[in-house]
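**Student:** Fold the following for me, if possible:
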Amino acid sequence: MITGRSADHNYSMVRGRRTSGVRGATLLELIFVMVIICSVLAMAAPSLRGFFGSRKTSHAASQMLALMKKAHSQAIADGRVYRFNLEMDAGTYWLTAEEGGVFEHLYSEFGRVFTLPDGTVACWVDDSREDDRDYIEFYPDATTEPTTVRLIDRRGKVVDLECPSATEFFRIRTPYEDGEL
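**Tutor:** Below is the predicted model:
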């Protein structure tokens, strides 16, 4: 047993264990901290929901761009025309390839029909599109038609997939960030 000065105010022996002078949190204090954390999360949740919704639209734009890149490279490699199809009313898009003068679905992951996220709409920005076509063609000579596809989420965030000229490639732009719209 420690006696005298050696048992100072920092440590004491209690039933064979050393304990410090720091006391633990009570159950009431822990519950109080949990209530504060839950209140802060409840206030932040509505704005986070919008954040994740707009991320879905950006993800869909990236996915569309990947399909367009695939159509571009496959048109060159295969020596045939590929189409990026966009059905705006249904919010779906997919690739097809020309085979014997007819465009057929691809029998691969790139040929499946993709769906835009809920609340996201797509539209053509160019009013000059011929015949109200719902596709973009990619040619074996590495050209495509210049056009812009606009995605708008339910909060009004805009993401454009644009191709400024026949020899350039599609890219993603956000007009709000570029000071437009």
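**Student:** hey, where'd the helices end up in the protein?
**Tutor:** 27-78 (DSSP state H).
**Student:** Going along the chain, name the strands of it.
**Tutor:** Under the criterion DSSP state E, the chain carries strands at the ranges 12-14, 17-19, 82-87, 92-99, 102-105, 114-115, 121-124, 135-138, 147-152, 158-163, 171-173.
**Student:** Redo those as CSV? Include distance to S58 and mean pLDDT.
**Tutor:** Where you see a C-beta, it was placed from the backbone N, CA and C, and this is true even at glycine. What follows is those, written out as CSV (distance: least, CB to CB, whole Å; pLDDT from 0 to 100):
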stretch, distance to S58, mean pLDDT
strand 12-14, 59, 50
strand 17-19, 54, 57
strand 82-87, 17, 93
strand 92-99, 15, 93
strand 102-105, 27, 90
strand 114-115, 15, 92
strand 121-124, 14, 90
strand 135-138, 20, 93
strand 147-152, 9, 91
strand 158-163, 6, 92
strand 171-173, 8, 91
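**Student:** what's near enough to touch the most centrally placed residue in the chain?
**Tutor:** Nearest to the mean C-alpha position of the chain, by CA atoms, centre = their mean, lies H59 at 2.6 Å. Under the criterion of CB atoms under 8 Å, 6 or more residues apart in numbering, the contact partners of H59 comprise P117.
**Student:** ok, now the one 5 residues further on?
**Tutor:** With CB under 8 Å, 6+ apart as the criterion, the residues that contact M64 are 84, 93, 114, 149, 151, 161.
**Student:** With R150 instead?
**Tutor:** 122-125, 158-161.
**Student:** Mind doing that once more with 6 Å?
**Tutor:** For R150, the contacting residues are 123, 125, 160, taking CB atoms under 6 Å, 6 or more residues apart in numbering as the criterion.
**Student:** For H105, state which of the residues you listed is nearest.
**Tutor:** Ranked by distance to H105 (CB to CB), the contacts of R150 are led by C123 at 23.9 Å.
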